[in-house]
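Colleague: need a 3D model of the sequence below.
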Amino acid sequence: MTKEQGGSGGWSAGRKGVLSRWRFTSLRLRLVVVFALVALTAAVSASGIAYWLNREAVLTRAQDAVLRDFRQEMQNRAGTLPVHPSQDQLQHTAGQMAGSSQRFSVLLVGEDTDGRALYASSGGLSGFSLQDVPKTLRTAVNKEQSLSSGNTSAYHLYWQRVTEHGTPYLVAGTRVIGGGPTGYMLKSLEPEAKDLNSLAWSLGIATALALVGAALLAQAAATTVLKPVHRLGVAARRLGEGRLDTRLRVSGTDELADLSRTFNNAAEALEKRVADMAARDEASRRFVADMSHELRTPLTAITAVTEVLEEELEFEGGGIDPMIEPAVRLVVSETRRLNDLVENLMEVTRFDAGTARLVLDDVDLADQITACIDARAWLDAVELDAERGLHARLDPRRLDVILANLIGNALKHGGSPVRVSVRESSGETEEDAQIVIQVRDHGPGIPEDVLPHVFDRFYKASASRPRSEGSGLGLSIALNNAHIHGGDITAANSPEGGAVFTLRLPRDASALTEEGAEGAGGRSGDGEGTGAAGGTKGGAR
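Modeller: Okay, here's the model as predicted:
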């Protein structure tokens, strides 16, 4: 007889994890999860391979020992029985075979002289029976094989592993060659299964310990890696807040240390560049301020002379030669324009230096706007829609500057009549209440490509008109005066035609003066500024 491995048994396991739907925002958590997944994969793979190898080794060793003993018992005991044994002979032989060292159950199937089937089980009537043998195994055992040079036996030993009520068994069978009974063997593999279960528990515990160790290791690694990253983030935020002297402490020679050195070098270069730019900007502002102040003395004298010349021009029968009268008028107008430009430059310098301050007072808006219009002789060209008794706590001088520039700009570049409307916009609290002043003209409006630049300094819409009565600073100064109040000015085109400038100011700007007093060392003579009649245009249309 020869042994053929015709039995089948296998083990498979699979896991599926759905992590793609999770979005981890914490780098520490992602590191721990990645470490844990790697450790889990490695531990499960190693444990699975170890379990599979040990399982096959244990089952193969037990199986080979049982089959070898069964084959020997069939040869030594069942092979000595007659071709047609009696029931007692079969029963006695089955008992002897079951008493072997492997302690398996035996079932012998034979025929008596009358051709009747005889069954003998080592466990008696309640023991191993033919129904316990799989049908496929019985068919394979009783099938006679063709003899050839490679197959010298008509019958072979077949085996199969089965599970009954959770307990694994090994079932085998073969026939005695040359005539005789057919023998079946049943061996419980429960001891081996218990050993394998103990091994599986051990590997599971080892896997869990490896997972915990990996999580702790990942936590330690994440702390080591993320601490410099956290320090770098804090330093970057401080650098973004303007603290350019921020530096990182560098230790080590790894990539994080190189990153810290790079950050320090970048911060140092940025600090130097900003310092250079600040120095150049300060020098530029100082130059403009000094130049404006230096120009004021000669301009005062020139203005006095031009006023005398202007009086001579208006006096009938004066001593001005008619040939030079145009030149005198040009000198008078250009001197006035130069004086306005110097005043505007000084005001811009104050804004850039941060020395402009508010001098607040209770203002009746209707009276303030009327006074502004009346002082510049615009009463016939301006329509006022303002409710009497609407008060605000603002800087009257700066409000006059804003109104003069907006209304003068509308009269010069728009079309009459210019309509000025005032209303109050209530907020959630009393402090949020605003004053909204709209200045609308009836001109052609502002080109769309010019709208974003109307508040830019020295911006003029037409390059063919580089010289104009305005300095190109009026709207910029008006916007700065609105900002210092905590307000804003916007420009747009009305659907009905013409341009609309909307001024929004807080009803009470007292809080801004308190903040400014805390952040400033004192007021810088800010009682003077631009209030040029007619206003000046930051972005001419």
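
Colleague: below-threshold pLDDT in this protein: ranges please.
Modeller: 1-27, 124-126, 315-320, 427-431, 460-471, 513-541 (pLDDT under 70).

Colleague: the same query, at a cut-off of 50, please.
Modeller: Along the chain, segments meeting pLDDT under 50 span 1-24, 463-467, 519-541.

Colleague: which helix in it runs the most residues?
Modeller: Ranked by residue count, the top helix of the chain under DSSP state H comes out as helix 255-314.

Colleague: immediately after that helix, which helix or strand?
Modeller: Sequence-wise, the next helix or strand downstream of helix 255-314 (DSSP states H and E) is helix 325-353.

Colleague: okay, helices next: where are they in the protein?
Modeller: Going by DSSP H, the chain shows helices at 27-76, 87-98, 135-142, 190-240, 255-314, 325-353, 365-375, 396-413, 474-484, 510-519.

Colleague: will you turn those into JSON lines that also has mean neighbour count?
Modeller: No exception for glycine: its C-beta is placed from N, CA and C like everyone else's. Output for those, formatted as JSON lines (neighbours: other Cβ atoms under 10 Å):
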{"stretch": "helix 27-76", "mean neighbour count": "16"}
{"stretch": "helix 87-98", "mean neighbour count": "19"}
{"stretch": "helix 135-142", "mean neighbour count": "15"}
{"stretch": "helix 190-240", "mean neighbour count": "14"}
{"stretch": "helix 255-314", "mean neighbour count": "13"}
{"stretch": "helix 325-353", "mean neighbour count": "17"}
{"stretch": "helix 365-375", "mean neighbour count": "18"}
{"stretch": "helix 396-413", "mean neighbour count": "24"}
{"stretch": "helix 474-484", "mean neighbour count": "24"}
{"stretch": "helix 510-519", "mean neighbour count": "12"}
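
Colleague: can you redo those as TSV with distance to Thr152?
Modeller: Converted to TSV, the helices of the chain look like this (distance: least, Cβ to Cβ, whole Å):
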stretch	distance to Thr152
helix 27-76	15
helix 87-98	25
helix 135-142	18
helix 190-240	33
helix 255-314	72
helix 325-353	112
helix 365-375	123
helix 396-413	118
helix 474-484	109
helix 510-519	110
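
Colleague: which residues touch the closest residue to Ala39 other than its chain neighbours?
Modeller: Distances taken as Cβ to Cβ, 6 or more residues apart in numbering put Ala214 closest to Ala39, at 3.1 Å, once the chain neighbours are dropped. Counting by Cβ atoms under 8 Å, 6 or more residues apart in numbering, Ala214 touches 35-36, 38-40.

Colleague: what's the answer for Ser425, then?
Modeller: Neighbours of Ser425 in contact, by Cβ under 8 Å, 6+ apart: 433-436, 504.

Colleague: give me the subset of these lying in strands.
Modeller: 434-436, 504 (DSSP state E).

Colleague: in those residues, find the pair that's most separated.
Modeller: Ile435 and Arg504 (7.3 Å; Cβ to Cβ).

Colleague: more neighbours: the two, which one.
Modeller: More crowded of Ile435 and Arg504, by other Cβ atoms under 10 Å: Ile435, with 23 against 17.

Colleague: that one against Glu424, yeah?
Modeller: Yes. With contact taken as Cβ atoms under 8 Å, Ile435 and Glu424 are classed as touching, separated by 6.2 Å.

Colleague: so what sits against both of the two?
Modeller: Taking Cβ under 8 Å, 6+ apart as the contact rule, Ile435 and Glu424 both touch 390, 507.

Colleague: which among the helices of the chain is found nearest to His165?
Modeller: Comparing those by Cβ to Cβ, helix 190-240 comes nearest, at 10.7 Å.

Colleague: give me the contacts around stretch 53-65.
Modeller: Stretch 53-65 has contacts (Cβ under 8 Å, 6+ apart) with 9, 11, 102, 159, 161, 170, 189, 192, 195-196, 199.

Colleague: same question, stretch 295-307
Modeller: With Cβ under 8 Å, 6+ apart as the test, stretch 295-307 has contacts from 331-332, 335-336, 338-339, 342.

Colleague: just to revisit the earlier point, closest to Pro181 out of the contacts of stretch 53-65?
Modeller: Among the contacts of stretch 53-65, Trp159 lies closest to Pro181 (Cβ to Cβ), at 18.1 Å.

Colleague: re earlier: and of the contacts of Ala214, the nearest to Val176?
Modeller: For the contacts of Ala214, the nearest to Val176 is Leu40 (54.1 Å; Cβ to Cβ).

Colleague: turn the contacts of stretch 295-307 into TSV, columns for distance to Ala221.
Modeller: Below are those laid out as TSV (distance: Cβ to Cβ, whole Å):
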residue	distance to Ala221
Val331	81
Val332	81
Thr335	77
Arg336	75
Leu338	71
Asn339	72
Val342	67
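
Colleague: ok, of the ones in strands among the contacts of Ser425, which one's closest to Met346?
Modeller: Using Cβ to Cβ as the measure, the one of the ones in strands among the contacts of Ser425 that approaches Met346 most closely is Arg504, at 26.4 Å.
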